[in-house]
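Participant: Here's a sequence, model it:
(chains A and B)
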Protein chains: 2
Amino acid sequence: MRPIARIETVFSQKFGIPRQSGLTNLPSRIVFEKEYQNPDALKGLSEYSHIWLIWYISEHDTGKWSPTVRPPRLGGRVRKGVFASRSPHRPNPIGISCVRLLQVESHTKEGPVITVEGADLLDGTPILDIKPYVPYSDSFPDAEGSFASSKRKCKEVILPKHLAQKIPEHLQEGLVQTLSQDPRPGYADEDDERHWSFLFADWDIHFRVQGETAEVIDIQEKDVPNE
Amino acid sequence: MRPIARIETVFSQKFGIPRQSGLTNLPSRIVFEKEYQNPDALKGLSEYSHIWLIWYISEHDTGKWSPTVRPPRLGGRVRKGVFASRSPHRPNPIGISCVRLLQVESHTKEGPVITVEGADLLDGTPILDIKPYVPYSDSFPDAEGSFASSKRKCKEVILPKHLAQKIPEHLQEGLVQTLSQDPRPGYADEDDERHWSFLFADWDIHFRVQGETAEVIDIQEKDVPNE
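Facilitator: Predicted coordinates:
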């Protein structure tokens, strides 16, 4: 298995990444490795509205796997089988994510580039395969999904205007969507008023959660070395 | 990447396999490799109605890939990019198939066994991963799917009673569903009245297609050596 491409996202650390794909409108860029920079291989892809990314769970390739895991959706208190979860701690570190296709550019300075929306991947994640989403074989809206059958109840997000202005307008909605998913670990109490922070593109986002509200309390530029 | 399991299906050769998952009600068994025979790893899986199989496209791992392919759905006459298709001729030989979950048995003589319905896989295909199907992140019924957006128009199938009786009743509907998909290669003319045959469980199915009708013309037991 060789990476065919890498994805560029706003998420440069694990904390903060939405726990499934499709939960934000944040754009990501897929840039191909030299060997796979072939515009022919993408011919017809733009006829699809959604695509599958098959990716390498690089941050968890320890060679170890856990038969059971504690899904954050269950508050981290219940054990489920790893094959009954989408946890990264699997025997083979392969992830699948369905994302909305925004644009296919065949010829850029970086070769062919695909822009997608809603990826739940760490910046730089190696992509192993790209497949079209085929509704008649992939879509089962009435599937029963256990604890993951519905979207998590979203938090209301407060993003004060003077803080929002610190990041580009096209990322503001995506930040709100990211926070509305409540990125805190499953073990965090509902009433835990601790301050949290995560990296989001070039910024460090500080927030807290109180009841059903997530509030941004500060936005700082990421430390840049030698500045 | 190591196979965690193998799947047992009625399809012992490539010809005849439906071109996507979910098109038949044929059952398949997933039997785990020794190292992964751990009932805990399946805990909670039966709460899901559908699961993803991530599989190794073993019959096509030639180390070669084609930037373009000719999808059978387009009559084999139009070239599309390999990433705009689900063709096996991909850089990384990984397939994904959504199947209906029928049963999870934790303790059999063969270890844990999962029974699923509608797999489009060759008998013995190595399974790399099993993931629950999560409707809110995986299901996009309104996705635009280019030439693959709707099920192929099915053929009407004629399976004469005296032939149907040669195979077990629980496989008869699956055989009809398999033939209704028209397994012939894309280049076969609509009017090509040639006789075709494919292996289906322990039988050799002979059929022909005329216009919108696929007709079974003979069913023979598979040659068994030393009989």
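
Participant: any idea which helix or strand comes after the lowest-mean-pLDDT helix or strand in chain A?
Facilitator: Between all helices and strands in chain A, the lowest mean by mean pLDDT, DSSP states H and E belongs to helix A:135-138, at a mean of 89. On the C-terminal side of helix A:135-138, the closest following helix or strand by DSSP states H and E is strand A:156-158.

Participant: buried ones in the helix or strand following that following strand?
Facilitator: With elements assigned by DSSP H and E, the helix or strand that comes after strand A:156-158 is helix A:161-164. Judged by neighbour count (16 or more other Cβ atoms under 10 Å in any protein chain shown), helix A:161-164 contains these buried residues: A:L163. Every C-beta, even on glycine, is put in place using the N, C-alpha and C of the backbone.

Participant: One more: stretch A:39-54?
Facilitator: By neighbour count on 16+ other Cβ under 10 Å, the buried set for stretch A:39-54 is A:41-54.

Participant: What of stretch A:172-187?
Facilitator: Quick answer for stretch A:172-187 (16+ other Cβ under 10 Å): A:G174, A:L175, A:V176, A:Q177, A:T178, A:L179, A:S180, A:Q181, A:D182, A:P183, A:R184.

Participant: taking those one by one, which sit in strands?
Facilitator: Among the buried residues of stretch A:172-187, no member falls in strands (criterion: DSSP state E).

Participant: Quick one: these as a markdown table, columns for distance to B:V157 and pLDDT too.
Facilitator: What follows is the buried residues of stretch A:172-187, written out as a markdown table (distance: Cβ to Cβ, whole Å; pLDDT from 0 to 100):
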| residue | distance to B:V157 | pLDDT |
| --- | --- | --- |
| A:G174 | 50 | 94 |
| A:L175 | 54 | 96 |
| A:V176 | 53 | 95 |
| A:Q177 | 48 | 93 |
| A:T178 | 50 | 94 |
| A:L179 | 54 | 95 |
| A:S180 | 50 | 93 |
| A:Q181 | 47 | 88 |
| A:D182 | 51 | 89 |
| A:P183 | 52 | 89 |
| A:R184 | 55 | 89 |
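
Participant: so which of these comes closest to chain B?
Facilitator: A:Q181 (11.6 Å; Cβ to the nearest Cβ).

Participant: just checking, that closest one touches A:V157?
Facilitator: No: using Cβ atoms under 8 Å, A:Q181 makes no contact with A:V157, being 9.7 Å away.

Participant: isn't A:P3 right next to A:L128, touching?
Facilitator: Yes: with contact defined as Cβ under 8 Å, A:P3 and A:L128 form a contacting pair (6.5 Å).

Participant: Which one's more surrounded, those two?
Facilitator: A:L128 (23 against 19; other Cβ atoms under 10 Å in any protein chain shown).

Participant: what separates that one from chain B, distance-wise?
Facilitator: 5 Å (Cβ to the nearest Cβ, to the nearest Å).

Participant: Kindly report the same for A:Y36.
Facilitator: Going from A:Y36 to chain B by Cβ to the nearest Cβ gives 6 Å.

Participant: from the buried residues of stretch A:39-54, which are also near chain B?
Facilitator: Filtering the buried residues of stretch A:39-54 for neighbours of chain B using Cβ under 8 Å from any Cβ of the partner chain leaves A:A41, A:L42, A:K43, A:G44, A:L45, A:E47, A:Y48, A:S49, A:H50, A:W52, A:I54.

Participant: where's the third one relative to B:P71, distance?
Facilitator: Taking Cβ to Cβ, to the nearest Å as the measure, A:K43 and B:P71 are separated by 11 Å.

Participant: that older thread, what's the overlap in contacts for A:P3 and A:L128?
Facilitator: Taking Cβ atoms under 8 Å, 6 or more residues apart in numbering or on different chains as the contact rule, A:P3 and A:L128 both touch A:Y56.

Participant: OK, contacts around A:W52?
Facilitator: Taking Cβ under 8 Å, 6+ apart, we find A:W52 in contact with A:I96, A:S97, A:C98, A:D129, A:I130, A:K131, A:P132, A:Y133, A:D138, B:I96.

Participant: now do 10 Å
Facilitator: A:W52 makes contact with A:21, A:96-99, A:129-134, A:138, B:83, B:86, B:96, B:138, according to Cβ atoms under 10 Å, 6 or more residues apart in numbering or on different chains.

Participant: And for A:H89?
Facilitator: Counting by Cβ under 10 Å, 6+ apart, A:H89 touches A:I57, A:H60, A:T62, A:K64, A:W65, A:S66, A:P67, A:T68, A:V69, A:V82.

Participant: Please repeat the previous calculation with a cut-off of 8 Å.
Facilitator: Taking Cβ under 8 Å, 6+ apart as the test, what A:H89 contacts is A:H60, A:K64, A:W65, A:S66, A:V69, A:V82.

Participant: So which of those is the closest to chain B?
Facilitator: A:V82 (5.3 Å).

Participant: And the closest one, how far from A:R29?
Facilitator: 31 Å.

Participant: So what pairs up with A:P132 in the strands?
Facilitator: With DSSP bridges applied, A:P132 shows beta-bridge pairing to A:I51.

Participant: sorry, back to before: now the buried members of the contacts of A:H89.
Facilitator: By neighbour count, with 16+ other Cβ under 10 Å, those hold A:H60, A:W65, A:S66, A:V69, A:V82 as buried.

Participant: Quick one: these as JSON lines, columns for distance to chain B too.
Facilitator: JSON lines is the format used below for the buried ones among the contacts of A:H89 (distance: Cβ to the nearest Cβ, whole Å):
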{"residue": "A:H60", "distance to chain B": "13"}
{"residue": "A:W65", "distance to chain B": "8"}
{"residue": "A:S66", "distance to chain B": "9"}
{"residue": "A:V69", "distance to chain B": "10"}
{"residue": "A:V82", "distance to chain B": "5"}
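
Participant: Let's see the longest strand anywhere in chain A as CSV, backbone CA atoms only.
Facilitator: In chain A, taking DSSP E as the definition, the longest strand is strand A:94-108. Output in CSV follows, covering the C-alpha atoms of strand A:94-108 (Å, rounded to 0.1, in the frame of the first residue of the first chain):
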residue,chain,number,x,y,z
ILE,A,94,-7.6,2.0,7.2
GLY,A,95,-10.2,4.7,7.4
ILE,A,96,-13.1,5.5,5.1
SER,A,97,-14.8,8.9,4.8
CYS,A,98,-17.5,10.1,2.5
VAL,A,99,-17.0,13.8,1.6
ARG,A,100,-18.7,16.2,-0.8
LEU,A,101,-16.8,16.9,-4.0
LEU,A,102,-16.3,20.6,-4.6
GLN,A,103,-13.8,20.8,-7.5
VAL,A,104,-11.4,18.8,-9.6
GLU,A,105,-8.5,20.8,-11.1
SER,A,106,-6.5,18.7,-13.6
HIS,A,107,-3.6,21.0,-14.0
THR,A,108,-2.2,23.1,-11.2
